[in-house]
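[1] kindly generate the corresponding structure for this input.
(one chain, ligands or ions: 2)
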Amino acid sequence: MGNYYPIMLDMNGKICKVIGGGKVAERKVNSLLGYGCIIEVISPFFTQKLEEYALEGLISIKRRRYIYGDLEGSFLVFAATNDDKVNNECLRECKEKNILINIVNGQDMCDFIVPSKIKRGDLSITISTNGKSPALSKKIRKELEKLYPEEYSEYVNLLGEIREKVKMEVNDINKRRDILFKIINSGIIEKYVGKEIKDLKKELYNLYNKIFIFEDMNV
Ligand SMILES: C[C@@]1(CC(=O)O)c2cc3[nH]c(cc4nc(cc5[nH]c(cc(n2)[C@H]1CCC(=O)O)[C@@](C)(CC(=O)O)[C@@H]5CCC(=O)O)C(CC(=O)O)=C4CCC(=O)O)c(CCC(=O)O)c3CC(=O)O
Ligand SMILES: NC(=O)C1=CN([C@@H]2O[C@H](COP(=O)(O)OP(=O)(O)OC[C@H]3O[C@@H](n4cnc5c(N)ncnc54)[C@H](O)[C@@H]3O)[C@@H](O)[C@H]2O)C=CC1
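    Numbers count the residues shown, from 1 in each chain. Ligands and ions are numbered 1, 2, ... in the order given. Reported below is the predicted structural model:
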């Protein structure tokens, strides 16, 4: 089994190729959508969803079997066919060309595996079991989705805004750290799920001003 290290890759403008057009390929394509990468899927057959994506221009498709050379120029490759021989041929091409590859039925050979993920705007939560139990990853994702609902994308933007302000206004790095943790641990954010973001914004800025004045008096 691999020894996988989690990182966040910049996918803007990168070419990703998926070989195979079945259910698993569709899931891998879903995981790539929305990251600004160029997605090409090669397969004699496609799921209905993949056909729709192609019509919408979200992906490009080649309606044929994989042939050597198809993977040239890729940043990431997903070998997602139901034919081990084909997946192994993709592996060979990628190894030869130093391209990172994910093989859906052979994790020992994967350069990377795909975690379960929750995306709330700029907040990403990913879960992996190092390949031991995808079903467990999925279960934990569903649990965490309830704890971190859609609103968190707005919250993260707001927290980013406040952090920029703190960085500009507070010179001491330890004080900055202290203020940011006080804001995060205040319990205010959790209270605002389902409520108006503008009220949350007001309350967080008030809290920051209070902490700021208090910290100042303690210089
Ligand atoms: C190693 C890995 C390689 C990779 O694909 O990157 C891999 C491999 C395999 N998965 C298999 C089966 C299933 N995979 C899922 C679901 C997901 N699988 C995903 C990732 C990964 N799957 C990587 C490790 C992730 C980790 O570390 O935990 C997720 C997280 C992400 C995604 O696919 O986008 C997505 C959940 C997304 C979500 O909903 O949150 C389900 C559940 C379902 O179908 O509903 C089942 C059936 C139940 C089960 O088996 O647990 C089999 C066939 C086994 C067989 O032959 O029986 C193999 C091959 C093998 O094990 O050899
Ligand atoms: N990693 C994961 O999350 C999981 C992996 N699997 C594995 O993934 C494999 C694929 O599963 P599904 O997508 O459900 O199968 P599927 O049967 O729905 O799709 C297989 C796809 O491969 C394409 N294909 C076959 N030969 C090809 C070739 N020479 N070139 C290009 N495309 C080709 C077919 O046209 C089809 O679109 C399974 O065999 C299983 O081993 C299964 C479940 C989860």
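[2] which residues does Ala79 contact?
    Counting by Cβ atoms under 8 Å, 6 or more residues apart in numbering, Ala79 touches 19-20, 86-87, 90-91, 101-104. Where you see a C-beta, it was placed from the backbone N, CA and C, and this is true even at glycine.
[3] what about the strands in the protein?
    15-19, 38-42, 60-62, 76-79, 100-103, 116-120, 123-127 (DSSP state E).
[4] now do stretch 152-160, average pLDDT.
    The average pLDDT within stretch 152-160 is 96.
[5] which residues are in contact with it?
    Residues outside stretch 152-160 that contact it (Cβ under 8 Å, 6+ apart): 120-123, 183-184, 189, 192, 197, 200-201, 204.
[6] outline the domain layout of this protein.
    15-114, 152-217 (automatic domain parsing).
[7] ok so, going back, now the buried members of the contacts of stretch 152-160.
    Taking 16 or more other Cβ atoms under 10 Å as the criterion, what is buried in these is 120, 183, 189, 192, 200-201, 204.
[8] which two of those residues have the greatest separation?
    Using Cβ to Cβ, these reach their maximum pairwise distance at Arg120 and Ile183, which is 18.2 Å.
[9] can you dump the C-alpha coordinates of the lowest-mean-pLDDT helix or strand in the chain into CSV?
    Ranking every helix and strand in the chain by mean pLDDT, DSSP states H and E puts helix 197-217 at the bottom, with a mean of 85. Taking Å, rounded to 0.1, in the frame of the first residue of the first chain, the C-alpha atoms of helix 197-217 are listed here in CSV:
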residue,chain,number,x,y,z
ILE,A,197,-24.2,36.9,7.1
LYS,A,198,-24.2,40.7,7.6
ASP,A,199,-25.2,40.2,11.2
LEU,A,200,-22.3,37.7,11.7
LYS,A,201,-20.0,40.2,10.1
LYS,A,202,-21.1,42.9,12.5
GLU,A,203,-20.7,40.7,15.5
LEU,A,204,-17.2,39.4,14.5
TYR,A,205,-16.0,43.0,13.8
ASN,A,206,-17.3,44.1,17.1
LEU,A,207,-15.5,41.3,18.9
TYR,A,208,-12.3,42.1,17.0
ASN,A,209,-12.5,45.7,18.1
LYS,A,210,-13.1,44.7,21.7
ILE,A,211,-10.2,42.3,21.7
PHE,A,212,-8.0,44.8,19.9
ILE,A,213,-8.7,47.5,22.5
PHE,A,214,-8.2,45.1,25.4
GLU,A,215,-4.9,43.8,23.9
ASP,A,216,-3.8,47.4,23.4
MET,A,217,-4.3,48.1,27.1
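[10] nothing else from me, thank you.
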